[in-house]
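Novice: need a structure here:
(2 chains)
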There are 2 protein chains.
Amino acid sequence: MIRFVAVDIDGTLTFRDRKLDIAAVGALRKAESLGLPVVLATGNVLAFAETAATLLGASGPLIAEDGGIVFDPSSKREHMLGDRVDADRGLAALEREFGPLEQTRSSAARLTGLTLKRAIKAEAAEELFRREGLDLAAVDSGFAIHLRSPNVNKGNALRKVASLLKVSLVEVAAVGDGPNDIEMLKVAGLSFAVANSDEAVKRVCTYVTKEPHGKGVVEAIEKIISLRG
Amino acid sequence: MIRFVAVDIDGTLTFRDRKLDIAAVGALRKAESLGLPVVLATGNVLAFAETAATLLGASGPLIAEDGGIVFDPSSKREHMLGDRVDADRGLAALEREFGPLEQTRSSAARLTGLTLKRAIKAEAAEELFRREGLDLAAVDSGFAIHLRSPNVNKGNALRKVASLLKVSLVEVAAVGDGPNDIEMLKVAGLSFAVANSDEAVKRVCTYVTKEPHGKGVVEAIEKIISLRG
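Specialist: Numbering: from 1, shown residues only, chains lettered A, B, ... in the order given. The predicted structure is shown next:
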């Protein structure tokens, strides 16, 4: 039986313009009221995840910084699954190669990586990191280029959340839309790609919803509830 | 004619449990689509206000920390209308008098004041500050005890927003529910207390809505739009 559901925020609970699709809110609250905690998972900083959780009423642990941080609301502890030092080294290498690069506004608040405005290609950054022997990933989220340790992803963070909640991964459902959701969707026992997802995301999921964004989340939650019986 | 509308978050856009009342979201987006920017005003930190603005689609400047910070999204500038030094001094004085006091989780992120868990009375704190000659206010928001400079309030912050947007205060509408909204509601040309407001808040407002929380915000926005003609 599914014990909690992890849900990506940008593009899944929101439209492409980052505004909340309120269609999903009722379904998230219904899941919570049935004892199915919602775990929000975002590439954004922890303060963003915490605000979204407060406003939406999501009670589960939070995954922020693409899995760099897992916040446990019951203990108020932040579990760091990455650190910022390698990302700062990577940025220095990139600026030697490409000249000054602008970080996004939230980058200064990041504890386990950093985010650049999309002025360079992620592939070019990773090639440079390989050449310079830096153990660092560059991921284009569509909103920013994220620099972080290669082992930091929402999948490893979901393992940590399952361990904190003492739940087996087969009892976990996840909903997402983007490339940075793939590891999380692969790790979860039951996985949903909303209709606006990339093809690569749809391929790894148990289900693809008919509707995009929030309406897709409604479908996913209804399916999870029906499977619980 | 009203040129922008300032809206409190906790208790006004949210229920008492801090969850968003989604009834209001459509009205805020309608205001924005009619060229009436929404200015979110909160006692919380700037990261909270920014996340709420992103998810709701509010495009105006942001008022955070009860007016300590005004953030202008067009210039990306944070205007500081208070600072933290006096609040830290006040906390030291309180701890000498009452023993160790616990700050809220967001307190460390505050730049213009600090917030304590509600273990002491605001009145007792202010009496101590007077006795010790500290120019500091203690305000009970219902969620926390806020320590900040006496000139920091949402009313002075609203003046700053009006000046940034080159709008006269008679062309400003504001919606709120709590004691920390009173200065803002007094300063605005047109003011609305949602039905769940304290009596002291209702007394200073042009209108009191029939409905509480988000449904009250819907009434306020509809009224503002009808007055624009």
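
Novice: so who does the residue nearest to residue A:178 when sequence neighbours are not counted touch?
Specialist: Spatial nearest neighbour of residue A:178, excluding adjacent residues (Cβ to Cβ, 6 or more residues apart in numbering or on different chains): residue A:11 at 5.5 Å. In short, each C-beta sits where N, CA and C put it, glycine included. Residue A:11 makes contact with A:142, A:177, A:178, A:194, A:196, A:213, according to Cβ atoms under 8 Å, 6 or more residues apart in numbering or on different chains.

Novice: Now the buried members of the residues you listed.
Specialist: Neighbour-count burial (16 or more other Cβ atoms under 10 Å in any protein chain shown) is assigned, among these, to A:177, A:178, A:194, A:196, A:213.

Novice: per the record, what domains does chain A have?
Specialist: A:4-81+A:152-228, A:85-148 (automatic domain parsing).

Novice: Can you tell me how far residue A:188 is from chain B?
Specialist: 24 Å (Cβ to the nearest Cβ, to the nearest Å).

Novice: which ones are touching the closest residue to that residue other than its chain neighbours?
Specialist: Closest residue in space to residue A:188, ignoring its immediate chain neighbours: residue A:174 at 3.7 Å, by Cβ to Cβ, 6+ apart. By Cβ under 8 Å, 6+ apart, residue A:174 lies in contact with A:5-7, A:41, A:158, A:181, A:184-185, A:187-188, A:190-192.

Novice: closest to chain B among those?
Specialist: residue A:7 (13.7 Å; Cβ to the nearest Cβ).

Novice: Please, which helix or strand holds that closest one?
Specialist: Taking DSSP states H and E as the criterion, residue A:7 maps to strand A:4-8.

Novice: What strands line up against that strand, and which way round?
Specialist: Strand A:4-8 has its sheet partners listed here by DSSP bridges as strand A:38-41 (parallel), strand A:172-176 (parallel).

Novice: got a list of contacts for that strand?
Specialist: A:13, A:28, A:31, A:36-42, A:58, A:60, A:63, A:154, A:158, A:161, A:165, A:167, A:171-178, A:181, A:184, A:188, A:217, A:220-221, A:224.

Novice: Downstream of it, the next helix or strand is which one?
Specialist: helix A:25-33.

Novice: pLDDT of that next one, averaged?
Specialist: Averaged over helix A:25-33, pLDDT sits at 97.

Novice: packing partners for that helix?
Specialist: Contacting helix A:25-33 under the criterion 3 or more Cβ pairs under 8 Å, 6 or more residues apart in numbering or on different chains; DSSP states H and E are the following elements: strand A:38-41, helix A:46-56, helix A:213-228.

Novice: Just send those back as CSV, with distance to residue B:75 and mean pLDDT too.
Specialist: CSV is the format used below for those (distance: least, Cβ to Cβ, whole Å; pLDDT from 0 to 100):
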stretch, distance to residue B:75, mean pLDDT
strand A:38-41, 30, 98
helix A:46-56, 21, 97
helix A:213-228, 31, 96
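
Novice: Would you mind finding the most buried of these?
Specialist: Neighbour counts (mean count of other Cβ atoms under 10 Å in any protein chain shown) averaged over each of these peak at strand A:38-41, with a mean of 26.

Novice: Extract the C-alpha set from it and format it as PDB.
Specialist: Extracted in PDB, the C-alpha atoms of strand A:38-41 (Å, rounded to 0.1, in the frame of the first residue of the first chain):
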ATOM      1  CA  VAL A  38       2.600  14.800   0.600                       C
ATOM      2  CA  VAL A  39       6.400  15.200   0.200                       C
ATOM      3  CA  LEU A  40       7.200  18.200  -1.900                       C
ATOM      4  CA  ALA A  41      10.300  17.900  -4.100                       C
END
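
Novice: what does the helix or strand of chain A at the bottom of the mean pLDDT ranking contact?
Specialist: The least trusted helix or strand in chain A, going by mean pLDDT, DSSP states H and E, turns out to be strand A:137-140, with a mean of 90. For strand A:137-140, contacts defined as Cβ under 8 Å, 6+ apart pick out A:66, A:90, A:118, A:121-123, A:125-126, A:129, A:145-150, A:152, A:179-180.

Novice: Tell me the most packed of the contacts of residue A:174, by neighbour count.
Specialist: Among the contacts of residue A:174, residue A:181 has the most neighbours (other Cβ atoms under 10 Å in any protein chain shown), with 33 neighbours.

Novice: tell me the SS of that residue?
Specialist: With DSSP: H, G, I helix; E, B strand; the rest coil as the basis, residue A:181 sits in helix.

Novice: What of residue A:197?
Specialist: Per three-state DSSP, residue A:197 ends up coil.

Novice: give me the number of residues near the residue nearest to residue A:120 when sequence neighbours are not counted?
Specialist: Distances taken as Cβ to Cβ, 6+ apart put residue A:98 closest to residue A:120, at 5.6 Å, once the chain neighbours are dropped. Per other Cβ under 10 Å, the neighbour tally for residue A:98 reads 13.

Novice: Quick check: residues of chain A near chain B?
Specialist: Residues of chain A that fall close to chain B, judged by Cβ under 8 Å from any Cβ of the partner chain: A:14, A:17-20, A:22, A:25-26, A:29, A:45, A:47-48, A:50-52, A:54-57, A:76, A:105, A:109.

Novice: Please repeat the previous calculation with a cut-off of 6 Å.
Specialist: Of all the residues in chain A, those in contact range of chain B (Cβ under 6 Å from any Cβ of the partner chain) are A:18, A:19, A:20, A:22, A:25, A:47, A:48, A:51, A:54, A:55, A:57.
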